[in-house]
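Visitor: quick check, what structure comes out for this input:
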Amino acid sequence: MGYRLCAAEMSAMTNFDTAKLRQFIQNHFSVDDLNGLMADYFRSVYEDIAPAMSKQQRVTLLLDHCLHHGRLPDLVAALQRERPTLFDPAEYGVVRNPVPVSVPAFPQPVQRNPRQVFLSHAHQDAAEARRLADDLEASGYPVWMTPDSIRPGEKWAEAINRGLEESGQFVLLLSPHAVVSKWVQTETNIAIELNHEDEMTLYPLLLQACQVPTLWRVYQHIPLRGGYEQGLSKLLEALELAAPDFTEPDSPQTGGNPLPDVNQWIHPKTGLVMLRIPAGEFLYGDEKETVYLDEFWIAKTPVTNAAYKRFLDANPSYNVPAYNWDKQRRTYSEGKADHPVVLVSWHDAKAYAAWAGMELPTEQQWEKAARGTDGWFYPWGDKWQDNYCNTKETGIKTTTPVGQFSPQGNSPYGCVDMVGNVWEWTDSPSQVGKEWRVLRGGSFYHFADSARAASRYSNVPYNRAHYSGFRVVVVRRSPSHLDH
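Guide: Numbering: from 1, shown residues only. Take a look at the predicted model:
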């Protein structure tokens, strides 16, 4: 949640000319305009304005916030939207990670996600909110919170409205700061209305003792003071009752089609569709031994170039892959957005997963997602089928867009490209060498035998190959599993 660069990193890595940005704001925004800019796009900064501050001090406050929290791209997008005929990003050093020139359009969500949590908190409680968000996301609940979930160029009120419409759960972090925050009050009162309409469930978490508004007292509070792990455990139990894991269809092994939508969600930071792999036993390896795994969620596709670009945009110093990418512009080649990213090492894959708050799958997790519970040789069954995946037999000789061989090549849980296209790094060590890591799934460069669900390949973690990529997982754990 909410990766932010320090001021020195952001200034050095993105080439923003902050002096010119400062001058532009000074020249084209009055004090009232500047207050409006901060109220619309940088609410926490607006709430820190002292009445006696000069215009220059307010500009400094805004720029310091954006530098220290990695939000200079957000500021550039806001200036574009507010002064579209005057502000040209190219004049301010915005070259490596440009923002859209046009005013962004923010479509209304089609369907409320019953598992998504809207986390309402005062900006003074941001550190505690981020800790809670990390634990919730790692437990399988996507989290919407400010300012992390606000898109560049999106106004604060627009973003909050979107978050409330997208989310099925509302968690209120109660503290003396929260109960006097106008935004927390507004968000909570809307959540109460949605709760009465059975569209949202509300959970107040007591972070610090405070005088709670009368309307909020009808909801039972979950205490976090003096017992974070116990409070988080109670919250997760309550969330499971409101957004359960849902029962399985009679036969998830039929047809290779995806499970119903209640068994999938979109990871907000990466944009990846995550599919539920339920807890239970499955037949593992060529020996088909019975293995039990807890529930986990796995990406429907390998990480694509488009998904990897989000990571690179958030980490401007990280190396760009040397295949299908323009290193100067730090973007993928035309037409390659939905191809799996390749020439990434195990270390690259681990860095992406850490940034996303996710993990690489173990061999066992990968294999269960690929072959289901009955030990099939391939995701679609026990017999090889031509044109069910991208292996050397197709003659394509390069990567293909993820899902090109869907639905016929899908796994029993709806995962695409589990075999063929690219080998996928796992988190499991290899027996070949102490530091070696296992890859699974075969690739366009290898023959069909490598596409068996139980087939294994090993490589050193720093190796980058034009036929190797990865996918990621989210795993349920006991509360507060992260180091804080």
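Visitor: tell me the domain boundaries of the protein?
Guide: Domain segmentation of the chain under automatic domain parsing yields 7-92, 113-242, 261-475.
Visitor: mean pLDDT for the ones you listed - can I get that in TSV?
Guide: Below are the domains of the chain laid out as TSV (pLDDT from 0 to 100):
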stretch	mean pLDDT
domain 7-92	84
domain 113-242	89
domain 261-475	94
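Visitor: format the ones you listed as CSV; extra columns: mean neighbour count.
Guide: Every residue, glycine included, has its C-beta placed from N, CA and C. Below are the domains of the chain laid out as CSV (neighbours: other Cβ atoms under 10 Å):
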stretch, mean neighbour count
domain 7-92, 17
domain 113-242, 19
domain 261-475, 20
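Visitor: got the contact list for the residue most central in space within the chain?
Guide: Computing the C-alpha centroid of the chain and ranking residues by Cα atoms, centre = their mean puts K269 first, at 2.3 Å. Going by Cβ atoms under 8 Å, 6 or more residues apart in numbering, K269 touches M1, R310, W355, A356, G357.
Visitor: same check, this time on S458
Guide: S430, Q431, V432, G433, W436, R437, V438, L439.
Visitor: picking up where we left off before, including distance to L224 and secondary structure, could the contacts of K269 go into CSV?
Guide: What follows is the contacts of K269, written out as CSV (distance: Cβ to Cβ, whole Å; DSSP: H, G, I helix; E, B strand; the rest coil):
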residue, distance to L224, secondary structure
M1, 17, coil
R310, 31, helix
W355, 27, helix
A356, 25, helix
G357, 20, coil
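Visitor: may I ask which two of these are separated the most?
Guide: M1 and R310 (13.8 Å; Cβ to Cβ).
Visitor: pull the helix or strand where A238 lies out as PDB, backbone CA atoms only.
Guide: Per DSSP states H and E: A238 is located in helix 228-242. Once non-C-alpha atoms are left out, helix 228-242 reads as follows in PDB (Å, rounded to 0.1, in the frame of the first residue of the first chain):
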ATOM      1  CA  TYR A 228      -3.700  -4.700  17.700                       C
ATOM      2  CA  GLU A 229      -3.500  -8.400  16.800                       C
ATOM      3  CA  GLN A 230      -6.600  -9.300  18.800                       C
ATOM      4  CA  GLY A 231      -8.500  -6.400  17.200                       C
ATOM      5  CA  LEU A 232      -7.400  -7.200  13.700                       C
ATOM      6  CA  SER A 233      -8.400 -10.900  14.300                       C
ATOM      7  CA  LYS A 234     -11.900  -9.800  15.300                       C
ATOM      8  CA  LEU A 235     -12.100  -7.500  12.300                       C
ATOM      9  CA  LEU A 236     -11.100 -10.300   9.900                       C
ATOM     10  CA  GLU A 237     -13.700 -12.600  11.400                       C
ATOM     11  CA  ALA A 238     -16.400  -9.900  10.900                       C
ATOM     12  CA  LEU A 239     -15.300  -9.300   7.400                       C
ATOM     13  CA  GLU A 240     -15.500 -13.000   6.600                       C
ATOM     14  CA  LEU A 241     -19.100 -13.100   7.800                       C
ATOM     15  CA  ALA A 242     -20.000 -10.100   5.600                       C
END
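Visitor: what sits up against it?
Guide: The contact list for helix 228-242 (Cβ under 8 Å, 6+ apart) reads 114-115, 117, 132, 135-136, 139, 141, 168-169, 171, 201, 203, 205, 222-224, 478-480.
Visitor: mind giving me the packing neighbours of the helix or strand following it?
Guide: Where DSSP H and E defines the elements, the next helix or strand beyond helix 228-242 is strand 264-266. Counting contacts by 3 or more Cβ pairs under 8 Å, 6 or more residues apart in numbering; DSSP states H and E, strand 264-266 is packed against strand 113-120, strand 273-277.
Visitor: what about 7 Å?
Guide: strand 273-277 (3 or more Cβ pairs under 7 Å, 6 or more residues apart in numbering; DSSP states H and E).
Visitor: and after the strand it packs on, which helix or strand comes next?
Guide: Moving toward the C-terminus from strand 273-277, the next helix or strand (DSSP H and E) is strand 280-284.
Visitor: distance from the chain centre to that next one, please.
Guide: In terms of Cα atoms, centre = their mean, to the nearest Å, the centre of strand 280-284 is set 28 Å apart from its chain centre.
Visitor: just stretch 369-379 next, same as before
Guide: With Cα atoms, centre = their mean, you get 27 Å for stretch 369-379.
Visitor: what's the answer for stretch 53-60, then?
Guide: Remark: stretch 53-60 is offset 35 Å from the chain centroid, using Cα atoms, centre = their mean.
Visitor: begin at 806 from now on, thanks
Guide: With 806 as the first residue, the last one maps to stretch 858-865.
Visitor: ok, residues contacting it?
Guide: Defining contact as Cβ atoms under 7 Å, 6 or more residues apart in numbering, one finds that stretch 858-865 is touched by R827, I830, Q831, V836, L839, I854.
Visitor: closest to Y1123 among those?
Guide: Here the nearest of these to Y1123, counting by Cβ to Cβ, is R827; it sits at 28.0 Å.
Visitor: name the element the closest one belongs to?
Guide: helix 823-833.
Visitor: what does that helix contact?
Guide: By Cβ under 7 Å, 6+ apart, the residues outside helix 823-833 that reach it are S816, L839, V864, L868, L884, R888, L891, F892, Y897.
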